[in-house]
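Colleague: What would the 3D arrangement of this be:
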Amino acid sequence: MSKSKVAFICVHTSCRSQIAEALGKHLAADIFESYSAGTELKDRINPDAVRLMKQLYGIDMEQNQRPKLLKALPPVDVVVTMGCNVECPYLPCKRREDWGLPDPTGKSDEEFLSEIQSIETKILKLAESLE
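Modeller: Got it, this is the predicted structure:
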């Protein structure tokens, strides 16, 4: 059986969705494929997210990831919206979740670390539910 494809979606696809994609690949690659995308493009992944993910997990998000638009995604099974303060983009899927996470951009490392921890916990729960 093929693995589920999970898309992590937020507006700018530069922070929360990128962290979720990286942690999905790191913690649950045997269960689902991870993608991130958004409705608007930033020119790069949030530097604080990049730095902290390197520090915590040894993951260099800039090596294998980049901000991309929804149209760059393959067809997906699960859509996870990260907590858009605007209208969340629609993508066809079999299952949809909204994680309702605040954007840590421009905030302290402590707030970033708290968000990363929340995303890790949610990734593990999602993996368990898809197994």
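Colleague: Could you use CA atoms for every contact and neighbour count after this?
Modeller: Will do.
Colleague: buried ones in the longest helix anywhere in the chain?
Modeller: Longest helix in the chain, counting residues (DSSP state H): helix 109-130. Using 16 or more other Cα atoms under 10 Å as the test for burial, helix 109-130 gives 112, 113, 115, 116, 119, 120, 123, 126, 127.
Colleague: ok, the fourth one touching residue 19?
Modeller: Yes: counting by Cα atoms under 8 Å, residue 116 does reach residue 19; the two are 7.1 Å apart.
Colleague: if we can go back for a sec, of all the buried residues of helix 109-130, which two lie farthest apart?
Modeller: By the measure Cα to Cα, 112 and 127 form the most distant pair in the buried residues of helix 109-130, at 22.4 Å.
Colleague: quick one: terminal-to-terminal distance for stretch 5-25?
Modeller: 11 Å (Cα to Cα, to the nearest Å).
Colleague: Let's test this: mean pLDDT of it, rounded?
Modeller: Mean pLDDT, computed over stretch 5-25, is 93.
Colleague: sorry, back to before: who are the neighbours of the longest helix of the chain, in terms of helices and strands?
Modeller: If you count contacts as 3 or more Cα pairs under 8 Å, 6 or more residues apart in numbering; DSSP states H and E, helix 109-130 packs onto helix 16-28, helix 47-57.
Colleague: I figured residue 44 was touching residue 67, is that so?
Modeller: Yes: here residue 44 reaches residue 67: they are 6.4 Å apart, a contact under Cα under 8 Å.
Colleague: and for these two, which residues touch both?
Modeller: Common contacts of residue 44 and residue 67 (Cα atoms under 8 Å, 6 or more residues apart in numbering): residue 14.
Colleague: Compare these two (neighbour count), which wins?
Modeller: residue 67 (22 against 16; other Cα atoms under 10 Å).
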